[in-house]
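Asks: Sequence plus predicted model, see below.
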Protein chains: 2
Amino acid sequence: MSRNESPGRTVTSKVLAVLAAFDAGSRELSLTDLAQRADLPVATAHRLVGELLEWGALDRTTAGGYAVGRRLWDLGLLAPVNTDLRSVAAPFLQDLHAATRATVQLAVRDDDRALYVDRLSGSVSTPVVSRVGSRLPLHATAVGKVLLAHAPDAVRLRVLGSLTRHTPHTVTSPAILDEQLRRARRDGFATTAEEMSRGACSVAVPVCVGDEVVAALGAVVPDLRHGRPELVAGLRVASQGIGRRLALHAAR
Amino acid sequence: MSRNESPGRTVTSKVLAVLAAFDAGSRELSLTDLAQRADLPVATAHRLVGELLEWGALDRTTAGGYAVGRRLWDLGLLAPVNTDLRSVAAPFLQDLHAATRATVQLAVRDDDRALYVDRLSGSVSTPVVSRVGSRLPLHATAVGKVLLAHAPDAVRLRVLGSLTRHTPHTVTSPAILDEQLRRARRDGFATTAEEMSRGACSVAVPVCVGDEVVAALGAVVPDLRHGRPELVAGLRVASQGIGRRLALHAAR
DNA sequence: CGGTGTCCTTCCGTTGGACGGAACCTCGAG
DNA sequence: CTCGAGGTTCCGTCCAACGGAAGGACACCG
């Protein structure tokens, strides 16, 4: 319906199609690639790209291709997801990271996926799955489960209906996952054990403003047995701090 | 010439004008505001906004206004300024912050301004001037001076020609500033003392790939006398680390 | 309770800008 | 030199974008 990738009708949709060409995560594209992905004749793409370049929405790379530009980058930073949630949460992530030495992450639900809003990993670069700004499935991550557990029924049913497998440990049974979600609601936290990628387990708690869950705060650990109670407690303290500040922020 | 804010001619320019309405830093705008800033009839703005909403470039806020959307936010995260520089530098900023407890910041030069690419402040939220994504003048900040010191002559002359005052301590004499820049080149670091905002002093060093300065790394401190040599040394180590990794990254 | 303001939304006839096929560069490989 | 794969420019046709005007929706006020 609205996700209609119909042959670019309005000009705006063509502009957006050009930008969306980068969505897949490609950082750099040639004009022809761009045209292909946006489903536009090269000539048209060329014109649009020209205007976008002039404005700074796109930049030329050293390799001669096109990439998302600085102007678009800093524009994106004005998004509420960044200005409110992220800036409020940042110091708490810092403290939490300092205390646990674990990779901590903050995510919100965006439709049927978990959108990673911020992440803090060890000082030595550790390979992590979740790039900030990336979207991961709700059923195979700890933050995802928390978000899913408190999502509207419509969303939950939809997600439970299509559980794709990512590792041998991914939960693909709707019944089992539903039970996990129930427990998540009861206990106030959720866990995953190598369900999204091997060697990564995580724990997450909800971030609430009033009694609405607005985000999920998680930590990645090598295994779940080691010191989980302390970790959950730490996450809770941080999440409550974030929630309280957000409430103040919103009231202003 | 190209910065022509002429009455929205091409459709693309109108779309961009709508987005640019947020540039000033406004996080939330009503339709009428939007139309006014973009210099468009309300009816036209309404249609464009509709398309942008559908795509996710804009979002409605709880207050009923419009704000930059999530889709645009994560798109912006694909910009090279983010993916390369920021991700490489992040762990170093972490370490530096942990070691010094100071607010550390990373900036690149964008035309005649310093664009703040990342920032790490104390765990207790400290009011800081530089929001990530914001642009500050080159002549009144430490990172700015570093960037300016290594900028092409054309830029340096242009900036030296219009030194606007921000505090009583802002250097507004081209001669004095030029001398400071010379020293910055010689010593490999620059400082500011309450030149942008009261109570904030900072020190910065260049980040080099090969012999090109690609960014500046700075730290904010309450006063300049206390332990400056150690701070500069720390900054140097981090900046060299970042430079080395960037070089590897680019070579790949 | 009708008046008056502000802001949002929809409609529709006109027209000028967008469209894209085709021709033309540019460059590197064979 | 030829060939091929991008990238760039041109220009006549045509239809989608335009925006004035009119019609809600809501709030505040006398």
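Replies: Done, it's in. Please read all numbers here as calculations on a predicted model, not as lab measurements.
Asks: and the residue nearest the centre of chain A, bridged to which residues?
Replies: In chain A, the residue lying closest to the centroid (CA atoms, centre = their mean) is A:Leu115, at 1.9 Å. Beta-bridge partners for A:Leu115, by DSSP bridges, are A:Val108, A:Arg135.
Asks: thinking it is in contact with B:Asp74, fair?
Replies: Yes - in this structure, A:Leu115 is within contact of B:Asp74 by CB atoms under 8 Å, at 7.1 Å. In this view, the C-beta of every residue, glycine as well, is placed from N, C-alpha and C.
Asks: what about the strands in the stretch 1-150 of chain A?
Replies: Using DSSP state E, counting those that start in this stretch, the strands assigned to the stretch 1-150 of chain A run over residues A:58-60, A:66-68, A:103-110, A:113-120, A:135-137.
Asks: Only the buried residues of the first one, if you could.
Replies: Of the residues in strand A:58-60, A:Leu58, A:Asp59 count as buried by neighbour count, 16 or more other CB atoms under 10 Å in any protein chain shown.
Asks: Given it, what are its sheet partners and their directions?
Replies: Applying DSSP bridges to the sheet, strand A:58-60 is found paired with strand A:66-68 (antiparallel).
Asks: what sits up against the strand it pairs with?
Replies: Contacts of strand A:66-68 from elsewhere in the structure, counted by CB atoms under 8 Å, 6 or more residues apart in numbering or on different chains, are A:19, A:22, A:27-31, A:34, A:49, A:53, A:57-61, B:75-76, B:78-80.
Asks: export the strands of the stretch 1-150 of chain A to JSON lines and tack on distance to A:Val213 and mean pLDDT?
Replies: Compiled in JSON lines, those are given as follows (distance: least, CB to CB, whole Å; pLDDT from 0 to 100):
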{"stretch": "strand A:58-60", "distance to A:Val213": "37", "mean pLDDT": "91"}
{"stretch": "strand A:66-68", "distance to A:Val213": "31", "mean pLDDT": "93"}
{"stretch": "strand A:103-110", "distance to A:Val213": "9", "mean pLDDT": "94"}
{"stretch": "strand A:113-120", "distance to A:Val213": "12", "mean pLDDT": "92"}
{"stretch": "strand A:135-137", "distance to A:Val213": "17", "mean pLDDT": "93"}
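Asks: Which among those strands is found nearest to DNA strand C?
Replies: Counting by CB to the nearest atom of the strand, DNA strand C lies closest to strand A:58-60 out of those; the figure is 15.0 Å.
Asks: picking up where we left off before, so can I have a markdown table of the strands of the stretch 1-150 of chain A showing distance to DNA strand C?
Replies: Output for the strands of the stretch 1-150 of chain A, formatted as a markdown table (distance: least, CB to the nearest atom of the strand, whole Å):
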| stretch | distance to DNA strand C |
| --- | --- |
| strand A:58-60 | 15 |
| strand A:66-68 | 17 |
| strand A:103-110 | 22 |
| strand A:113-120 | 25 |
| strand A:135-137 | 28 |
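Asks: And the ones you listed: which comes nearest B:Ala193?
Replies: Across these, B:Ala193 has its closest neighbour in strand A:113-120 (31.4 Å, CB to CB).
Asks: Can you spell out which helices and strands pack onto that closest one?
Replies: Packing contacts for strand A:113-120, counted by 3 or more CB pairs under 8 Å, 6 or more residues apart in numbering or on different chains; DSSP states H and E, involve helix A:87-100, strand A:103-110, strand A:135-137, helix A:142-149.
Asks: Deepest in the core, which of these is it.
Replies: Comparing those by mean neighbour count (mean count of other CB atoms under 10 Å in any protein chain shown), helix A:142-149 ranks first with a mean of 29.
Asks: Now do that helix against strand A:113-120: the angle between them, please.
Replies: With axes from the mean of the first three to the mean of the last three CA atoms, to 10 degrees applied, the angle from helix A:142-149 to strand A:113-120 works out at 140 degrees.
Asks: re earlier: where do the contact lists of A:Leu115 and B:Asp74 overlap?
Replies: When contacts are counted by CB under 8 Å, 6+ apart, A:Leu115 and B:Asp74 have A:Gly133, A:Ser134, A:Arg135 as shared neighbours.
Asks: which residues touch whatever residue of the stretch 51-200 of chain A ends up closest to chain B?
Replies: With distances taken as CB to the nearest CB, the stretch 51-200 of chain A approaches chain B most closely at A:Gly76, which sits 2.6 Å away. If you count contacts by CB under 8 Å, 6+ apart, A:Gly76 has them with A:Asn82, B:Val68, B:Leu72, B:Trp73, B:Asp74, B:Leu75, B:Gly76, B:Leu77.
Asks: Now do the same for A:Ser162: helix, strand or coil?
Replies: coil (DSSP: H, G, I helix; E, B strand; the rest coil).
Asks: gap between the residue of chain A most remote from its centre and DNA strand C?
Replies: Each residue of chain A has a distance to the centre, and by CA atoms, centre = their mean the biggest one is for A:Ala43: 34.7 Å. For A:Ala43, the distance to DNA strand C (CB to the nearest atom of the strand, to the nearest Å) stands at 3 Å.
Asks: remind me which residues of the stretch 51-200 of chain A are low pLDDT?
Replies: Low-confidence regions of the stretch 51-200 of chain A, defined here as pLDDT under 70, cover residues A:122-129.
Asks: What residues does it have near DNA strand D?
Replies: Among all residues of the stretch 51-200 of chain A, those adjacent to DNA strand D (criterion: CB under 7 Å from any atom of the strand) are A:Gly64, A:Gly65.
Asks: Name the residues of the stretch 1-150 of chain A found near DNA strand C, please.
Replies: By the rule CB under 7 Å from any atom of the strand, the part of the stretch 1-150 of chain A lying against DNA strand C is A:Pro7, A:Gly8, A:Val11, A:Lys14, A:Leu40, A:Pro41, A:Val42, A:Ala43, A:Thr44, A:Arg47, A:Leu48.
Asks: Can you flag the buried ones in the residues you listed?
Replies: Listed as buried from these are A:Gly8, A:Val11, A:Lys14, A:Leu40, A:Leu48; burial here means 16+ other CB under 10 Å.
Asks: Ignoring the adjacent residues along the chain, who's closest to the second one?
Replies: Meaning A:Val11. Distances taken as CB to CB, 6 or more residues apart in numbering or on different chains put B:Val11 closest to A:Val11, at 3.9 Å, once the chain neighbours are dropped.
Asks: mind listing what that neighbour touches?
Replies: For B:Val11, the contacting residues are A:Val11, A:Thr12, A:Val15, taking CB under 8 Å, 6+ apart as the criterion.
Asks: Quick check: buried residues in stretch A:53-66?
Replies: By neighbour count with 16+ other CB under 10 Å, stretch A:53-66 contains the buried residues A:Trp55, A:Gly56, A:Ala57, A:Leu58, A:Asp59, A:Gly65, A:Tyr66.
Asks: A:Asp153 - how many residues pack around it?
Replies: 7 (other CB atoms under 10 Å in any protein chain shown).
Asks: Would you list the phi and psi of it?
Replies: For A:Asp153, the backbone dihedrals are phi -50, psi -40 (criterion: degrees, to the nearest 10).
Asks: OK, contacts around it?
Replies: With contacts defined as CB under 8 Å, 6+ apart, A:Asp153 is in contact with no residue.
Asks: same check, this time on the one 10 residues further on
Replies: Taking CB under 8 Å, 6+ apart as the definition of contact, the neighbours of A:Leu163 are A:His139, A:Thr170, A:Val171, A:Thr172, A:Ser173, A:Pro174, A:Leu177.
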